[in-house]
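Participant: Quick one, fold the following:
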Amino acid sequence: MKKRLTVSVITGALLGVICIIGGSVRAGGLRGNELYLIALWYNRVIMGLMIGFAGGWRIVRGGANRYVRGALLGLLVSAAFYLSSGFRDPIAFVAGIVYGLIIEFVAARRG
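Facilitator: Numbering: from 1, shown residues only. So this is what the prediction gives:
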């Protein structure tokens with residue numbers, strides 16, 4: 001459990017850096033968007049934390065469970081950010097679902 005959690009949080013943090021890069025391009029640069037971009041990164045770290053803790057959660061039967069779980073948690077965590085940002089960045093919202101899948105995939109392989 002500890003290894004899965006560590007791997008998930010690190011993966012979320014690394015994917016958060018990608019989000020900062022993409023978000024800064026979409027927002028018109030880093031300057032003036034620092035708080036938004038830090039919050040976007042932090043959202044991905046929280047996503048990693050949630051997915052790391054959820055290793056034993058069973059949502060559907062079979063091998064697809066981990067991917068459903070990753071996508072669902074990615075959706076839920078990203079939705080909280082998307083709603084609180086006033087629907088500012090739909091690309092980041094969708095990316096969060098994909099990142100949930102990626103975090104779960106990496107955690108299943110490495111954790």
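Participant: Grab the nearest non-local neighbour of Phe90.
Facilitator: Small correction: residue 90 is Pro, not Phe. In space, and not counting its chain neighbours, Pro90 is closest to Tyr82: 7.4 Å by CB to CB, 6 or more residues apart in numbering. Every C-beta, even on glycine, is put in place using the N, C-alpha and C of the backbone.
Participant: avg pLDDT for whatever helix or strand that neighbour lives in?
Facilitator: Using DSSP states H and E, Tyr82 sits in helix 65-84. Here the mean pLDDT over helix 65-84 is 95, rounded to a whole number.
Participant: And that helix, what's buried?
Facilitator: Counting neighbours by 16 or more other CB atoms under 10 Å, one finds that the buried residues in helix 65-84 are 66-75, 77-78, 81-82.
Participant: and of the residues you listed, the nearest to Ile38?
Facilitator: Of all the buried residues of helix 65-84, the one sitting nearest Ile38 is Phe81; the distance, using CB to CB, is 11.7 Å.
Participant: show me the contacts for the residue lying closest to that closest one once chain neighbours are set aside.
Facilitator: Counting by CB to CB, 6+ apart, Phe81 lies nearest to Asn43, which is 4.3 Å off, once chain neighbours are set aside. Residues counted as contacts of Asn43 (CB atoms under 8 Å, 6 or more residues apart in numbering) are 16, 19, 77-78, 80-81, 96.
Participant: Please save the CA atoms from the helix or strand that contains Ile46 in PDB.
Facilitator: Remark: Ile46 resides in helix 34-53, with elements defined by DSSP H and E. Below are the C-alpha coordinates for helix 34-53, written out as PDB (Å, rounded to 0.1, in the frame of the first residue of the first chain):
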ATOM      1  CA  GLU A  34       0.500  31.500 -11.100                       C
ATOM      2  CA  LEU A  35      -2.300  30.600  -8.600                       C
ATOM      3  CA  TYR A  36      -4.400  28.900 -11.200                       C
ATOM      4  CA  LEU A  37      -1.400  26.800 -12.400                       C
ATOM      5  CA  ILE A  38      -0.300  25.900  -8.900                       C
ATOM      6  CA  ALA A  39      -3.900  24.800  -8.100                       C
ATOM      7  CA  LEU A  40      -4.000  22.700 -11.300                       C
ATOM      8  CA  TRP A  41      -0.700  21.000 -10.300                       C
ATOM      9  CA  TYR A  42      -2.000  20.400  -6.800                       C
ATOM     10  CA  ASN A  43      -5.200  18.900  -8.200                       C
ATOM     11  CA  ARG A  44      -3.100  16.200  -9.900                       C
ATOM     12  CA  VAL A  45      -1.200  15.500  -6.700                       C
ATOM     13  CA  ILE A  46      -4.500  15.100  -4.900                       C
ATOM     14  CA  MET A  47      -5.600  12.800  -7.700                       C
ATOM     15  CA  GLY A  48      -2.500  10.700  -7.200                       C
ATOM     16  CA  LEU A  49      -3.200  10.600  -3.500                       C
ATOM     17  CA  MET A  50      -6.800   9.400  -4.000                       C
ATOM     18  CA  ILE A  51      -5.900   6.800  -6.500                       C
ATOM     19  CA  GLY A  52      -3.000   5.600  -4.300                       C
ATOM     20  CA  PHE A  53      -5.400   5.000  -1.400                       C
END
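Participant: That's all I had, so thanks and see you.
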